[in-house]
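K.L.:
got a predicted model here, sequence first, then my questions.
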Amino acid sequence: MGVTRSPLGEQWFRARAAARGRPGRVEAIDRDAFDALWPLTEGRRIAKRRHLVPAAPGWHFDEYVDRPLVLAVAEEGNAEAAPPWLEPVLVRDVSGERGYLDEALARRPARRSA
C-alpha cells in the first residue's frame, strides 16, 4: 500500500507480494480504498524515495527514509552492469536476497541512523 507523489499529483496503489503460483504485482486503487486498507498495514510499512538518474538509464535508486539503506536497482530486463561511477559506493550485491525485498523490510522494525 502506498502513495506516490509527483508533479502529476498523487496516485494510490496496493502492492501484492508474490505467493506460491502467483506473481507479485502492483495495482492502482482509489483514495477511498486506500483509506480503508491503510490502517491494516500498521507496523508493516516502509518509507522510501525512488530516484531516477538520467546518467544511469535502466537503473533506479531506492532511498529508504525510515532506515539507513539505499538500493541501486536494475530495472526489469536490464542486463547492463552498474554504471562505473556507482562502483566506489557499492557495498555488496543483494540480488536474490529475500531480506531486501520491500515486504521483508516492512516486517523488520526501522532503525534510524544516529
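P.N.:
Arrived safely, thanks for sending. Numbers count the residues shown, from 1 in each chain.
K.L.:
show me which strand runs longest in this structure.
P.N.:
When the chain is scanned for its longest strand (criterion: DSSP state E), the result is strand 9-16.
K.L.:
can you give the domain ranges for the chain?
P.N.:
1-42, 44-114 (automatic domain parsing).
K.L.:
now those in a markdown table, with mean pLDDT and mean neighbour count?
P.N.:
Glycine gets a C-beta too; all of them are placed from N, C-alpha and C. Below are these laid out as a markdown table (pLDDT from 0 to 100; neighbours: other Cβ atoms under 10 Å):
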| stretch | mean pLDDT | mean neighbour count |
| --- | --- | --- |
| domain 1-42 | 85 | 11 |
| domain 44-114 | 85 | 12 |
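K.L.:
could you measure the residue lying closest to Arg107 once chain neighbours are set aside against Ala81, distance?
P.N.:
Take Arg107 and drop its neighbours on the chain: the residue closest to it by Cβ to Cβ, 6 or more residues apart in numbering is Arg44, 6.1 Å away. For Arg44, the distance to Ala81 (Cβ to Cβ, to the nearest Å) stands at 34 Å.
K.L.:
show me what contacts Arg98?
P.N.:
Ala104 (Cβ atoms under 8 Å, 6 or more residues apart in numbering).
K.L.:
need the phi and psi values for Arg108.
P.N.:
Main-chain torsions, Arg108, degrees, to the nearest 10: phi -100, psi 140.
K.L.:
now do the contacts for it.
P.N.:
Contacts of Arg108 (Cβ under 8 Å, 6+ apart): none.
K.L.:
other SSEs contacting the longest strand of the chain?
P.N.:
Using 3 or more Cβ pairs under 8 Å, 6 or more residues apart in numbering; DSSP states H and E, the elements in contact with strand 9-16 are strand 2-6, strand 25-29, helix 31-37.
K.L.:
dump those to CSV, plus distance to Val91.
P.N.:
Formatted as CSV, these follow (distance: least, Cβ to Cβ, whole Å):
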stretch, distance to Val91
strand 2-6, 26
strand 25-29, 27
helix 31-37, 34
